[in-house]
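>>> please find the sequence and the predicted model below.
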Amino acid sequence: MKEIKITFLALSRTTELDIKSDNEIGSIVNDLLMVFAKEIDYKNFKIDIDSLQQNIPDFKTKIDGVVQKYKDVNPKIQQINSYFKELKDNEYFFVFPNASISKEQSFQFYNYLSALEKNEDFEKVTKQIDDLFGVLMDSYEMFAFDENTRNKIGEPDKSKRICRFCNKPNGEVSFKKVAHSISEALGNKKIITNDECDSCNEEFGTGIENDLILYLNLYRNVFGIKGKNGIPKLKGKNFEIENKGTIEIKQILTDEEINDPNRDDFKIRLESNQNITTQNIYKTLSKYALGVIDRTQIANFSDTIEWINGTKNIDNLPKIAMFTSYDLFTIHPKLMVYLRKTDDNKLPYAVAEFRFTFLTFVYVIPNSSKDTTDFTQDENFKHFWEFFKHYSSVPHWKFQKMNDNIARQFVMNLNFEPKEKK
């Protein structure tokens, strides 16, 4: 069995293509590499690859030709077509056949692509990014999870699995179901936790995860995020919302509301039939992060897991930072986890960033055994936040406490603006 791995690195998306075959590997690889060839030495059978490429129409046509030729022989090659269809027209990218790219090298390649896109000096861009990330990278390991690759976290052998959330082994619990690290209802199809047992998966899916899903339901509907049962139709005490290609909002008004002369049609209060517990939102966000970190790290979060499971109470939690920006829009949810690799206890051991549509949440994973500092105190939280310069240097973040452990009716207040006539 022969194998080749090709890494494609772009600002908008990075992926790896692994091709395994007994017979056609040589032909597939040769034809693929010919697409990226800068120079071909037919006499010595040598192909000189220019790593920096551009996603121009002629290039995409050549890629599609290779895919169509070999898709029946090796269906996995179709992934490369999907990748280039999602890149922007004329976007620059790097291609690396059978090369191992370190995090530091990737960082430099991203800097270079960023400079190209902005038509700026590479050294200037590198300095700007180093100012934001240099010290952070010295202090934290960073782990990113998104739709680019199918991530299966944890023990692949079912017989050896031990649930990271209840610590029970296979046999005492079962691992028959697919456990999505991020709720499937939020559009996650790719990020899977192998060592989350069926019992915990069921408990989370019918429990705390529903509070975050309810909190994000409007965005799921408006942006057409498909869960297991498609795009959700929303129905509450006084409203119905359905996405049929266009968003239809039906508001049910009382006679008193209809006849109210001060009623503003551009301000709508939508009352849900469901209750929400804000601390469950924090629990779910923390559960997502603990579902993707390396199994060897789980022992540092035993108190956190007890809190997530509801067997330990926490009355006061650090603030959650929230940011809205369409520049960061994503259909598939994204998760970044930072784990501290130094002994600087003034910084939290674990921090996570969760992105969904145009929303970004940044939060400390509470109650790690590696933490000795109370990040619910303003001065300690401020020190942490200012250290993460790529967040704190951006204005308009909102900071929300999610301490409430009481279920309360969920209400959405929508403010619309009338469209100006041209």
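Perfect, I can see it now.

>>> where exactly do the helices run in the stretch 151-300 of the chain?
198-206, 209-222, 255-258, 278-290 (DSSP state H, counting those that start in this stretch).

>>> D131: which of these is closest?
D131 sits nearest to helix 278-290 of all the helices of the stretch 151-300 of the chain, at 26.5 Å, using Cβ to Cβ. Where you see a C-beta, it was placed from the backbone N, CA and C, and this is true even at glycine.

>>> who does the very next helix or strand once past that closest one touch, helix- and strand-wise?
Next along the chain after helix 278-290, taking DSSP states H and E as the criterion, comes helix 302-309. Applying 3 or more Cβ pairs under 8 Å, 6 or more residues apart in numbering; DSSP states H and E, one finds that helix 302-309 contacts helix 278-290.

>>> by contact count, what packs against the helix it packs on?
Taking 3+ Cβ pairs under 8 Å, 6+ apart as contact, the helices and strands that helix 278-290 lies on are helix 209-222, helix 302-309, strand 330-340, strand 350-357, strand 359-364.

>>> can you redo those as JSON lines with distance to M402?
Below are those laid out as JSON lines (distance: least, Cβ to Cβ, whole Å):
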{"stretch": "helix 209-222", "distance to M402": "10"}
{"stretch": "helix 302-309", "distance to M402": "13"}
{"stretch": "strand 330-340", "distance to M402": "18"}
{"stretch": "strand 350-357", "distance to M402": "13"}
{"stretch": "strand 359-364", "distance to M402": "9"}
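
>>> to D131, which of those lies closest?
Relative to D131, the nearest member of the helices and strands packed on helix 278-290 by Cβ to Cβ is strand 330-340, separated by 17.8 Å.

>>> show me where pLDDT drops low in the stretch 301-422 of the chain?
Applying pLDDT under 70 to the stretch 301-422 of the chain flags residues 417-422.

>>> domain parsing for the protein?
2-120, 151-276 (automatic domain parsing).

>>> please work out the average pLDDT along the first one.
Domain 2-120 carries an average pLDDT of 76.

>>> the residue nearest the centre of the chain pairs with what?
Closest residue to the average C-alpha location of the chain: K334 at 0.6 Å, with Cα atoms, centre = their mean. Beta-bridge partners of K334, counted by DSSP bridges, are R355.

>>> tell me the spacing between it and K228.
20 Å (Cβ to Cβ, to the nearest Å).

>>> and for K69?
Per Cβ to Cβ, K69 is found 36 Å from K228.

>>> who has more neighbours, those two?
Comparing K69 with K228 by other Cβ atoms under 10 Å, the one with more neighbours is K69, at 13 against 9.

>>> which element is that one on?
Here K69 sits within helix 57-70, counting by DSSP H and E.

>>> next helix or strand past that helix?
Following helix 57-70 in sequence order, the next helix or strand is helix 78-86 (DSSP H and E).

>>> name the helices or strands packed onto that next one?
Secondary-structure packing of helix 78-86 (3+ Cβ pairs under 8 Å, 6+ apart): strand 14-21, helix 57-70.

>>> try it again with 10 Å
If you count contacts as 3 or more Cβ pairs under 10 Å, 6 or more residues apart in numbering; DSSP states H and E, helix 78-86 packs onto strand 2-10, strand 14-21, helix 57-70.

>>> would you agree K88 is in contact with I56?
No - shown here, K88 and I56 do not form a contact pair, counting by Cβ atoms under 10 Å, at 11.3 Å.

>>> the residue lying closest to K71 once chain neighbours are set aside: neighbour count?
Leaving out its chain neighbours, the residue that sits closest to K71 by Cβ to Cβ, 6 or more residues apart in numbering is Q78, at 5.3 Å. Residues within reach of Q78, counting by other Cβ under 10 Å, total 13.

>>> what sits against Q78?
67-68, 70-71 (Cβ atoms under 10 Å, 6 or more residues apart in numbering).

>>> coming back round to it: adding distance to N151, write the helices and strands packed on helix 78-86 out as a markdown table.
What follows is those, written out as a markdown table (distance: least, Cβ to Cβ, whole Å):
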| stretch | distance to N151 |
| --- | --- |
| strand 2-10 | 16 |
| strand 14-21 | 12 |
| helix 57-70 | 24 |
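
>>> and D198, which of those is closest to it?
Nearest to D198, of all those, is strand 14-21, at 29.8 Å by Cβ to Cβ.

>>> can you name every helix or strand that the closest one contacts?
Applying 3+ Cβ pairs under 10 Å, 6+ apart, one finds that strand 14-21 makes contact with strand 2-10, helix 25-36, helix 78-86, strand 92-97, helix 103-118.

>>> for the ones you listed, which one sits closest to R295?
helix 103-118 (20.7 Å).

>>> could I get the buried residue list for the closest one?
By 16 or more other Cβ atoms under 10 Å, the buried positions in helix 103-118 come out as 107, 109-116.

>>> hmm, back to that, CSV for the domains of the chain, including distance to D378?
As requested, the domains of the chain are exported to CSV (distance: least, Cβ to Cβ, whole Å):
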stretch, distance to D378
domain 2-120, 32
domain 151-276, 25
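
>>> to G310, which of those domains lies closest?
Across these, G310 has its closest neighbour in domain 151-276 (8.0 Å, Cβ to Cβ).

>>> end to end, how far does the closest one reach?
30 Å (Cα to Cα, to the nearest Å).

>>> quick one: mean pLDDT for it?
91.

>>> distance between it and the chain's centre?
Per Cα atoms, centre = their mean, to the nearest Å, the displacement of domain 151-276 from the mean C-alpha position of its chain is 16 Å.

>>> now do stretch 65-73
Offset of stretch 65-73 from its chain centre (Cα atoms, centre = their mean): 31 Å.

>>> any residues touching that stretch, and which ones?
Around stretch 65-73, the neighbours that count as contacts under Cβ under 10 Å, 6+ apart are 19, 21, 23-25, 27-28, 30-35, 74-82, 84.

>>> tell me the buried residues in that stretch?
Of the residues in stretch 65-73, 66-67, 70 count as buried by neighbour count, 16+ other Cβ under 10 Å.
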